[in-house]
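Colleague: Okay, sequence plus prediction incoming.
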Amino acid sequence: MLKRIFQKLQPTQTKLIAVSKTKPVEMVIDLYEKGQKCFGENRVLELVAKEEELPKDIEWHFIGHLQTNKVKLIAPFVACIHAVDSLKLLKEINKEALKNSRVIDVLLQFHIAEEESKFGLDLKEATQLLESGAFVSMHNIRICGVMGMATFTDDLSQVRREFQYLKKVFDQLKKQFFDDVAFFKEISMGMSGDYEVAVEEGSTMVRIGTLLFGKR
């Protein structure tokens with residue numbers, strides 16, 4: 001399955017993030033030895049435990065809702081935090097990155113799904129964040145793009161519309177705030193059931209768990 005997904009992603013150079021949450025280190029090692037070096041977790045303590053045990057060249061992405069009091073636990077090593085949905089969280093990431101003499105890549109999470117349970121900013125909130133003096137003073141974070149989770153539905157036409165909306169948000173932020181920076185380039189969208197649609201709509205990162213590791 002890993003090879004098949006690689007083949008589908010290769011023409012677009014979309015990055016595969018293997019979502020290893022709840023899965024044992026043995027399964028992570030199996031994919032690692034097959035060439036997968038980028039993994040995603042959504043629980044801080046599980047991520048910390050796996051990072052300590054697994055090879056140090058793994059690129060770890062935190063893809064879940066992150067509490068501010070736990071940022072310090074992953075700040076020493078995390079490659080990218082996908083789900084930044086508030087200025088408060090961004091401030092904390094910047095503070096902990098500074099303590100570790102790092103610049104941490106982050107993505108702004110947008111609410112694109114119909115379910116009300118999903119976290120995320122809207123465009124107005126994101127604009128206010130990026131125009132704030134607090135953001136301008138942050139030098140240890142790097143906003144590299146956007147992230148969103150589509151509605152959990154079999155209606156792929158709805159999913160496609162939601163992905164198209166996230167792409168429009170990305171384009172607008174790029175033009176308004178990041179036009180002169182090369183690192184603002186990521187659109188993290190698409191999971192096991194809809195990643196092909198996401199890639200068609202411009203995704204640069206897909207977060208795939210079930211297809212690689214089986215159902216949880």
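Modeller: All right, it came through fine.
Colleague: Spatially central residue for the protein, please.
Modeller: residue 82 (3.0 Å; Cα atoms, centre = their mean).
Colleague: okay, the helix or strand hosting that one in CSV with CA atoms only?
Modeller: Using DSSP states H and E, residue 82 sits within strand 80-84. This file holds the C-alpha atoms of strand 80-84, laid out as CSV (Å, rounded to 0.1, in the frame of the first residue of the first chain):
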residue,chain,number,x,y,z
CYS,A,80,5.8,21.0,12.1
ILE,A,81,2.7,21.7,14.1
HIS,A,82,-0.4,21.5,11.8
ALA,A,83,-3.2,22.7,13.9
VAL,A,84,-2.6,26.2,15.1
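Colleague: quick one: the residue nearest to the centre of the chain and residue 61 touch, right?
Modeller: Yes - the pair residue 82 / residue 61 is scored as a contact, 6.1 Å apart, by Cβ atoms under 8 Å. Where you see a C-beta, it was placed from the backbone N, CA and C, and this is true even at glycine.
Colleague: tell me, what's touching these two both at once?
Modeller: 40, 207 (Cβ atoms under 8 Å, 6 or more residues apart in numbering).
Colleague: for the residue lying closest to residue 13 once chain neighbours are set aside, phi and psi?
Modeller: Take residue 13 and drop its neighbours on the chain: the residue closest to it by Cβ to Cβ, 6 or more residues apart in numbering is residue 204, 7.8 Å away. The phi/psi pair for residue 204 (degrees, to the nearest 10) reads phi -110, psi -10.
Colleague: mind listing what's buried in the helix or strand that contains residue 171?
Modeller: Using DSSP H and E, the element containing residue 171 is helix 156-177. With burial defined by 16 or more other Cβ atoms under 10 Å, the residues of helix 156-177 counted as buried are 159-160, 162-163, 165-167, 169-170, 173, 177.
Colleague: Thanks a lot, see you next time.
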